[in-house]
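K.L.:
From the sequence below, what's the structure:
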Amino acid sequence: MADPPSPCLPFPEREDFGGLLLIIPPPFFRISAKETAGQQSFQRNLEGRVGGGTQLIYAFDGKEPHISKKAYVSDQAIVLGDVKIEDDCYVGPGAILRADYGRIEIGVGTAVEEGVLIHVFPESTCQIGRRVTFGHGAIIHASCIGDLAVIGMGAVVSIGTQIGERTIVAEGAVVRMKQAIQPAVVVAGNPARVVRKVTPEDEERWRDGKQHYIDLVKKYLKLGVQRIG
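P.N.:
This is a model prediction of the structure:
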């Protein structure tokens, strides 16, 4: 069966761009803690397993998060309202997914790293594709982010923006309100501008980086975490 189309279409035609920008994936974590005894029981929509502390997962205004049992959500992350998190997703400590007056949909294999904030405009949906990477501290108000995109550490993706599939938004970049970034390019700066096309080397590097986080999810779910201090 063919994969469903990426949510961020159509986009303007691509152009040739010069310039160089080195994008390095963030480091990955090693998990050594043993799983704590017993498993927490989740309410009907909260299938995903989290770390061994109190869950910061909230219903609001009649809307509840839906979290896959194959996703990992840290017990230090906040997930509120109309949020859907698919299989193999990672949501790290300090991340905030706030869907109090909109909806957030996160596709399979996406990594939401520590300190990321995702919020949506009233009566709108933030559609996030498959295997998207959000670097530490990114702020997201986008309408849609395509499959395999990378949002660098500290980047700001403003209200109503569209990020094409396989596009890389550099660390600290600011994508302006309603700006549309076409697929498979690297953007940087404030405001964000295209500096070059994504290369095969970029894609190979990030393919490995994304798989690391998917593997990390499985390890968290198998071993759990244990507070020792």
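K.L.:
how much space is there between residue 89 and residue 187?
P.N.:
For residue 89, the distance to residue 187 equals 24 Å [CB to CB, to the nearest Å]. Every C-beta, even on glycine, is put in place using the N, C-alpha and C of the backbone.
K.L.:
Which other helices and strands does the longest strand along the chain contact?
P.N.:
For the chain, the strand reaching the highest residue count under DSSP state E is reported as strand 96-106. Here strand 96-106 touches strand 78-85, strand 117-119, strand 125-128, going by 3 or more CB pairs under 8 Å, 6 or more residues apart in numbering; DSSP states H and E.
K.L.:
what's near enough to touch the spatially closest residue to residue 148 that is not a sequence neighbour?
P.N.:
For residue 148, ignoring the flanking residues on the chain, the nearest one in space by CB to CB, 6 or more residues apart in numbering is residue 166 at 4.7 Å. Contact partners of residue 166, counting by CB atoms under 8 Å, 6 or more residues apart in numbering, are 146-149, 183-184, 198, 203.
K.L.:
and if we set it to 6 Å?
P.N.:
Contacts here follow CB atoms under 6 Å, 6 or more residues apart in numbering; on that basis residue 166 touches 148, 183-184, 198.
K.L.:
Next, the buried residues of stretch 191-206.
P.N.:
For stretch 191-206, the neighbour count (16 or more other CB atoms under 10 Å) marks 192, 194-198, 202, 206 as buried.
K.L.:
repeat for stretch 70-89
P.N.:
The neighbour-count check on stretch 70-89 (16+ other CB under 10 Å) flags 70-86, 88-89 as buried.
K.L.:
hey, where'd the helices end up in the protein?
P.N.:
Ranges of helices in the chain, per DSSP state H, are 200-223.
K.L.:
Show me the beta-bridge partners of the residue nearest to the spatial centre of it.
P.N.:
Among the residues of the chain, the one closest to the centroid is residue 112, at 3.8 Å (CA atoms, centre = their mean). Beta bridges link residue 112 to residue 91, residue 134 when assigned by DSSP bridges.
K.L.:
Distance of it relative to residue 169?
P.N.:
From residue 112 across to residue 169, the span is 15 Å (CB to CB).
K.L.:
out of the helices and strands packed on strand 96-106, which comes closest to residue 222?
P.N.:
strand 78-85 (18.5 Å; CB to CB).
K.L.:
Work out the sheet partners of that closest one and label each with its direction, please.
P.N.:
Counting by DSSP bridges, strand 78-85 is paired with strand 57-58 (parallel), strand 66-67 (parallel), strand 96-106 (parallel).
K.L.:
will you turn those strands into CSV that also has mean neighbour count?
P.N.:
Output for those, formatted as CSV (neighbours: other CB atoms under 10 Å):
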stretch, mean neighbour count
strand 57-58, 18
strand 66-67, 22
strand 96-106, 20
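K.L.:
Tell me which of those approaches residue 226 most closely.
P.N.:
Here strand 57-58 is closest among those (CB to CB), at 20.1 Å.
K.L.:
Quick one: distance of that closest one to the chain centre.
P.N.:
Here strand 57-58 shows a centroid-to-chain-centroid distance of 18 Å under the convention CA atoms, centre = their mean, to the nearest Å.
K.L.:
One more: stretch 180-190?
P.N.:
17 Å.
K.L.:
Good, we can wrap up now.
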